[in-house]
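S.K.: Fold the following for me, if possible:
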Amino acid sequence: MGDLLRGIDLIVLLGKALEFTTRWATGPAFDPGVRLIAIDPEAALIERAANEKGERLLLGCIADVRNAAETLIARAAMARTRQPDWLIETVPRSGSARYARSPGLTA
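M.R.: Below is the predicted model:
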């Protein structure tokens, strides 16, 4: 799982605080340049992420998490489809087969 996390360049915190369970997105498990987007109804959590991550926080948004998730999903459905190479590469490293069942993905 460590290799998988080190390959991540963006983390979206959707209703999840940047705190000990996310390891503050630091340490050897994470790419030191990983950037974040934080969406949360609590302004204090957005502010804390901004204070802790500085310029690495690309966007902090105070919003209802469910509405934000629905909007992100709807917009993603309209987006141009990318090649799933990153996903095909990730499945063996994650040890999870659930991604292999995603519609439109051929491995």
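
S.K.: hmm, who's touching stretch 25-35?
M.R.: 1-2, 5-11, 18, 23, 36, 53, 56-58 (Cβ atoms under 8 Å, 6 or more residues apart in numbering). No exception for glycine: its C-beta is placed from N, CA and C like everyone else's.

S.K.: at 7 Å instead, please
M.R.: Residues outside stretch 25-35 that contact it (Cβ atoms under 7 Å, 6 or more residues apart in numbering): 2, 5, 6, 8, 9, 10, 11, 18, 23, 36, 56, 58.

S.K.: Doesn't residue 11 lie inside a strand?
M.R.: Yes: read with DSSP: H, G, I helix; E, B strand; the rest coil, residue 11 is one of the residues of a strand.

S.K.: what's across from it in the sheet?
M.R.: Residue 11 has the following beta-bridge partners by DSSP bridges: residue 36.

S.K.: Is it in contact with residue 38, as I believe?
M.R.: No: applying Cβ atoms under 7 Å as the test, residue 11 and residue 38 come out as separate, 9.0 Å apart.

S.K.: quick one: low-confidence ranges for the chain?
M.R.: Applying pLDDT under 70 to the chain flags residues 1-4, 82-84, 86-107.

S.K.: Pick out whichever of residue 11 and residue 38 has more residues nearby.
M.R.: Comparing residue 11 with residue 38 by other Cβ atoms under 10 Å, the one with more neighbours is residue 38, at 25 against 20.

S.K.: Can you say which of the contacts of stretch 25-35 are buried?
M.R.: Among the contacts of stretch 25-35, those buried by neighbour count (16 or more other Cβ atoms under 10 Å) are 5, 11, 18, 36, 56.
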